Each structure stands twice: as C-alpha cells, then as structure tokens.
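Student: Okay, sequence plus prediction incoming.
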Amino acid sequence: MSREETAFHHRAANWSAVVVGIDPDPANADRVRDWAVRYWEALHPSSAGGAYVNFMMDEGHDRIRATYGENYARLARIKARYDPQNLFRHNHNIPPALPA
C-alpha cells in the first residue's frame, strides 16, 4: 500500500519508537516529561521526521504537519469537503483547507 492510499505517510519506516516516562509519584511529572522530551530530541535526527499520529501527545501543529508529510494538503482538502466547519477538531486536528 502506498503512502497516497491512506493518511499515514511514513509507510517505508522500518521501526517506530515510543518514548514513555512513568512514575507513580505525580510530583515527578515535570522531571519525567523533561526526560522524555530530551530522549525524543536525541532520537529525532535519526528518524523519518514524522510519527504515527496515535502515538503523539501535545507536540503541536508543526509536528502534525510533519507526521502527515506530503499527505497533509490532500487531507486538508478532504477535511474542507466533509467537515468544512471543523466539527471534528480534536486529537491532532487538520484544519480544512481554505478555498482556492
């Protein structure tokens, strides 16, 4: 299946890394998050540049664009056709494309 047939762009990747930090003490949440971000930053230069969207948390819109890669524009056009009011806007949203 080619990357143009689905939303997922990084079909040629040989592996996927999931960075998870867990500590039972909520007081350590910031420290664990900082560790996870530093770990991801160290790995990222060796990555394909995107991610699998279901593995993402709050990385921001630029990361969403990188994850969908060349498929992003096509998905935004589809979103404009089927959800022009952006009702389904949670969980790593792709806003509808603006009319050309």
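Tutor: Yep, it's here.
Student: When you work out contacts or count neighbours from here on, use the C-alpha atoms and nothing else.
Tutor: Will do.
Student: what's the single longest helix in the protein?
Tutor: With secondary structure taken from DSSP state H, the chain has its longest helix at helix 29-43.
Student: now that one: mean pLDDT?
Tutor: Mean pLDDT, helix 29-43: 94.
Student: Might you report the residue contacts of Leu75?
Tutor: By C-alpha atoms under 8 Å, 6 or more residues apart in numbering, the contact list for Leu75 reads Ala7, Ile94.
Student: pretty sure Ile22 is touching Asp34, no?
Tutor: No - using C-alpha atoms under 8 Å, Ile22 makes no contact with Asp34, being 11.9 Å away.
Student: Is His90 in a helix, a strand, or coil?
Tutor: Three-state call for His90 (DSSP: H, G, I helix; E, B strand; the rest coil): coil.
Student: what's the spacing between it and His61?
Tutor: Using C-alpha to C-alpha, to the nearest Å, His90 is found at 12 Å from His61.
Student: Have a look at those two and say which one is more surrounded.
Tutor: More neighbours surround His61 than the other of His90 and His61, with 12 against 8 (other C-alpha atoms under 10 Å).
Student: ok, the closest residue to that one other than its chain neighbours - how many residues close by?
Tutor: Spatially, and ignoring its direct neighbours in sequence, His61 is nearest to His92 (7.5 Å; C-alpha to C-alpha, 6 or more residues apart in numbering). For His92, the neighbour count with other C-alpha under 10 Å is 17.
Student: Does His92 touch Phe55 like I think?
Tutor: No - judged on C-alpha under 8 Å, His92 makes no contact with Phe55 at a distance of 10.7 Å.
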